[in-house]
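**Q** just need the structure, nothing else, for what follows:
(one chain, ligands or ions: 2)
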Amino acid sequence: MAAFDPSNVVLEAEGVSFRYESQYVLKRVSLTLHRGELLGLVGPNGSGKSTLLKVMLGLLPLAEGTVRWFGVPLNRFRDWARIGYVSQKAASFNVGFPVTVEEVVRMGLIARLGIFRRPGKKETEKVLEALEFVGMADFRRRNIGALSGGQQQRVFIARALVGDPEVLILDEPTVGVDRHSEVRFYALLEKMHKERGLSIVLVSHDLGVVSEKMDTIVCINHELFYHGSASGFRAACDEIVARAYGQEMKIITHAHDPGEEAIYR
Ligand SMILES: Nc1ncnc2c1ncn2[C@@H]1O[C@H](COP(=O)(O)OP(=O)(O)OP(=O)(O)O)[C@@H](O)[C@H]1O
Ligand SMILES: [Mg+2]
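**A** Ligands and ions are numbered 1, 2, ... in the order given. Have a look, this model is predicted:
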């Protein structure tokens, strides 16, 4: 793993706990993300991955622990345009919404423009550029509801990217996306990472692919089970998975070939 400059910390969460009523969903979870780092967040269904992202993004209240973005405590952080977020349910929310692909992506500029400024020529160019980046420019006049799930996902990634964020938070972006598009998606991530020096947090259930493509892995099941290099995760994967997922979960293969099927069961 490339050593990350400790003075370049983008996101720092310390001892984050969260509960719905009496049920703890997160217990003292900590993680650090550096500039240019690719971090894979893994854990079984219901382990609190999406909740952790929402707490760190200020979408759910932070009751216990601390979160700092670029060194600024969450409750004082205002510069949300520096962060792009694609939620797990991004696509399914908007399907019936009568807006075009172009309009969806333009919404991603609102954080930068403020709600009272109308987008001009420069913004239209940025929207087109973001759509070209994800390979969806030809669909720009189409209704968002008239796209496939995978195509919608790419549009939502374009929306997260259009404001030139420094960090991208992606919650299971390849669910419902076919193998070919998934391979394309990871190539896209690499391109963004290389060209824009983005830091990325990616939630995925595909342990093989994530531990191969990301620099670091955070594995949670309500509590933190692993936070370290992807190579360290690969080396101790069976043990970490047995503890975090339970004994019945076993890694079958490590997918070097993107066409390979089932990574774990
Ligand atoms: N609004 C809510 N009210 C009560 N409990 C909730 C609510 N949202 C989520 N939970 C519970 O919190 C736990 C963590 O959910 P979360 O969505 O963070 O899991 P996850 O790790 O993202 O799972 P998945 O891999 O299935 O997306 C689950 O047990 C879930 O049922
Ligand atoms: Mg989730």
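
**Q** next up, the contacts around the closest residue to residue 234 other than its chain neighbours.
**A** Closest residue to residue 234 apart from its sequence neighbours, by Cβ to Cβ, 6 or more residues apart in numbering: residue 211 at 5.0 Å. Any C-beta I mention is one placed from the backbone N, CA and C, and that applies to glycine too. Residue 211 is in contact with 40, 217, 230, 233, 234, 237, 254, counting by Cβ atoms under 8 Å, 6 or more residues apart in numbering.

**Q** next, residue 211: phi, psi?
**A** phi -70, psi -10 (degrees, to the nearest 10).

**Q** what distance do you get for it to residue 228?
**A** 11 Å (Cβ to Cβ, to the nearest Å).

**Q** what does residue 162 give?
**A** 33 Å.

**Q** quick one: name the residues of the chain near ligand 1.
**A** 20, 25, 43, 45, 46, 47, 48, 49, 50, 51, 88 (Cβ under 6 Å from any ligand atom).

**Q** now do 8 Å
**A** Within the chain, the positions lying close to ligand 1 (Cβ under 8 Å from any ligand atom) are 20-21, 23, 25, 43-52, 54, 88, 171-172, 203, 205, 220, 222.

**Q** please spell out the PyMOL selection for the buried subset of the residues you listed.
**A** Provided next is the PyMOL selection string for whichever of the residues of the chain next to ligand 1 are buried by 16 or more other Cβ atoms under 10 Å:
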select buried, resi 25+43+44+47+48+49+50+51+52+54+88+171+172+203+205+220+222
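
**Q** so of the residues of the chain next to ligand 1, which ones are in strands?
**A** Per DSSP state E, strands hold the following members of the residues of the chain next to ligand 1: 20, 23, 25, 171, 203, 220.

**Q** adding pLDDT and distance to residue 157, write these out as JSON lines.
**A** Formatted as JSON lines, those follow (pLDDT from 0 to 100; distance: Cβ to Cβ, whole Å):
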{"residue": "20", "pLDDT": "90", "distance to residue 157": "29"}
{"residue": "23", "pLDDT": "89", "distance to residue 157": "32"}
{"residue": "25", "pLDDT": "95", "distance to residue 157": "26"}
{"residue": "171", "pLDDT": "93", "distance to residue 157": "12"}
{"residue": "203", "pLDDT": "95", "distance to residue 157": "14"}
{"residue": "220", "pLDDT": "96", "distance to residue 157": "24"}
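
**Q** lowest average confidence, helix or strand, in the protein?
**A** Using mean pLDDT, DSSP states H and E, helix 90-94 stands out as the lowest-scoring helix or strand of the chain, at a mean of 59.

**Q** for the residue of the stretch 51-200 of the chain found nearest ligand 1, give me its contacts.
**A** For the stretch 51-200 of the chain and ligand 1, the shortest gap (Cβ to the nearest ligand atom) falls at residue 51, measuring 3.3 Å. Neighbouring residues of residue 51 by Cβ under 8 Å, 6+ apart: 18, 25, 26, 60.
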